[in-house]
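Asks: Based on what follows, work out the 3D shape:
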Amino acid sequence: MDSDLSGKNIILISPKYFNYEKEIQNELEKRGAFVYFIDDRIKNNTLNKALFRLKLKEKIGKNKVIDYFKSHLENNRDRKVDYLIAIIPEGFSKEIIQYYKTQLKDTIFILYMWDSIDNRPYIIETLGFYERALTFDKNNADKYGLEFRPLFYTKSYKEIGLRKENCKYFKYDLSFIGTAHSDRYSVIKKFVHGSNNKLKTFFFFYLQNPILIVYYWIIDPMFRKVKIKDISFISLPQKEVLSVIENSFCIVDINHPKQSGLTIRTIEVLGAKRKLVTTNRDILDYDFYDSENILLIDRNNPIFDGAFFEKPYKEINKEIYNKYSLSQWIDDVLLIRNK
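Replies: All right, here's what the predicted structure looks like:
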């Protein structure tokens with residue numbers, strides 16, 4: 001395929017998720033493509049997400065969803081669409097994909113999953129409609145015959161990594177920013193307790209809606225240890241997220257117990273050249289793993305290792321580092337081979 005995207009027309013279908021869809025669009029446009037973005041959810045709010053997950057959308061608004069996607073396709077009638085990239089699609093259902101395929105006969109359809117297909121089984125019946133289907137999850141790649149391609153870090157995290165810091169000047173020894181699902185809260189608290197509370201920490205636990213507290217409290221006994229005062233229902237602005245990571249010596253990431261594959265936070269920490277504490281054993285299989293930079297802990301018995309916090313970050317191979325950039329992610333997803 002082409003070595004750049006100059007003059008290419010791309011339809012990008014994705015839910016709005018912490019601005020990652022905008023980062024992808026910006027990178028594609030920077031490289032010369034015209035990108036037409038379609039929000040995969042008609043109304044991107046908590047109720048709408050719940051309706052999709054419970055498959056009630058078919059019952060209460062199937063025609064509305066179909067009309068929504070058809071109207072976006074009409075907006076592209078006057079241009080040849082080279083690529084359609086669908087990222088963890090929900091509203092972009094089998095029926096709608098079939099219609100798009102009849103109208104976009106020369107378009108390359110690409111699927112990318114940054115959530116497990118096991119969590120979204122409706123994806124399985126659509127796989128045959130894509131020329132390429134990729135996933136961040138090695139287990140899903142093997143199970144469903146998809147291509148394996150890990151997630152990416154963006155320019156903002158690379159810029160943090162380029163700014164050299166001396167570890168003794170960091171504001172925080174350890175930080176966490178993320179949703180308060182499963183046992184994240186209790187694992188982090190146990191780990192910090194093992195340090196005799198000598199760590200300088202910043203923890204931000206987030207939930208979209210207070211109703212979720214009741215939901216998690218009912219279904220997950222581990223969640224009952226969470227103190228409500230430690231939960232925020234307003235997400236941390238991206239500028240503040242970047243500031244916390246830049247001012248942190250080490251970031252902690254507690255993956256969901258049922259999740260395989262690495263979270264995007266893990267890759268962002270790599271981009272920012274910060275140390276990582278994680279419960280995700282999958283990280284042992286990645287080429288950037290180094291025990292000097294990454295501390296793997298047992299979520300049931302998270303033992304604090306003081307020596308890990310005394311040694312500075314160790315630079316990794318440049319080729320491996322660049323492999324996880326957004327630019328390289330786009331090259332791999334679109335099969336671009338630069339000369």
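Asks: ok so residue 304 is a helix residue?
Replies: No: Residue 304: not assigned to a helix; according to DSSP: H, G, I helix; E, B strand; the rest coil it is coil.
Asks: can you map out the helices along the stretch 151-300 of the chain?
Replies: 155-162, 184-193, 211-219, 238-246, 264-272 (DSSP state H, counting those that start in this stretch).
Asks: With the stretch 1-150 of the chain instead?
Replies: Listed in chain order, the helices found in the stretch 1-150 of the chain under DSSP H, counting those that start in this stretch are 20-30, 46-53, 57-74, 94-103, 138-144.
Asks: Would you reformat these as CSV and include mean pLDDT?
Replies: Below are those laid out as CSV (pLDDT from 0 to 100):
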stretch, mean pLDDT
helix 20-30, 96
helix 46-53, 50
helix 57-74, 80
helix 94-103, 96
helix 138-144, 95
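Asks: out of these, nearest to residue 173?
Replies: helix 20-30 (27.6 Å; C-beta to C-beta). Placement of C-beta: from N, CA and C, glycine included.
Asks: if we can go back for a sec, let me have the helices of the stretch 1-150 of the chain in a markdown table, extended by distance to residue 177 and mean neighbour count.
Replies: Converted to a markdown table, the helices of the stretch 1-150 of the chain look like this (distance: least, C-beta to C-beta, whole Å; neighbours: other C-beta atoms under 10 Å):
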| stretch | distance to residue 177 | mean neighbour count |
| --- | --- | --- |
| helix 20-30 | 15 | 18 |
| helix 46-53 | 20 | 15 |
| helix 57-74 | 31 | 14 |
| helix 94-103 | 35 | 15 |
| helix 138-144 | 25 | 16 |
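Asks: out of these, nearest to residue 278?
Replies: helix 138-144 (15.8 Å).
Asks: For the helices of the stretch 1-150 of the chain, please prepare a markdown table with the additional fields distance to residue 202.
Replies: Shown next, in a markdown table, are these (distance: least, C-beta to C-beta, whole Å):
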| stretch | distance to residue 202 |
| --- | --- |
| helix 20-30 | 22 |
| helix 46-53 | 26 |
| helix 57-74 | 38 |
| helix 94-103 | 43 |
| helix 138-144 | 31 |
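Asks: Quick one: closest of those to residue 176.
Replies: Closest among the helices of the stretch 1-150 of the chain, once you apply C-beta to C-beta, is helix 20-30, at 19.1 Å.
Asks: Contacts for the closest one next, please.
Replies: Applying C-beta atoms under 8 Å, 6 or more residues apart in numbering, the external contacts of helix 20-30 come out as 5, 10, 12, 14-15, 35, 37, 85, 87, 154, 264, 326-327, 330.
Asks: try 10 Å this time
Replies: 5, 8, 10, 12-16, 19, 33-40, 83, 85, 87, 112, 114, 151-156, 238, 264, 325-327, 329-330, 333-334 (C-beta atoms under 10 Å, 6 or more residues apart in numbering).
Asks: for this protein, what helix or strand is lowest in average pLDDT?
Replies: Lowest on mean pLDDT, DSSP states H and E among the helices and strands of the chain sits helix 46-53, with a mean of 50.
Asks: List the contacts of the residue nearest the centre of the chain.
Replies: Nearest to the geometric centre of the chain sits residue 264, at 4.1 Å (C-alpha atoms, centre = their mean). Neighbour list for residue 264: 17, 18, 20, 114, 136, 150, 151, 152, 153, 154, 253 [criterion: C-beta under 10 Å, 6+ apart].
Asks: make it 7 Å
Replies: Going by C-beta atoms under 7 Å, 6 or more residues apart in numbering, residue 264 touches 114, 151.
Asks: ok, now how distant is it from residue 154?
Replies: Using C-beta to C-beta, to the nearest Å, residue 264 is found at 10 Å from residue 154.
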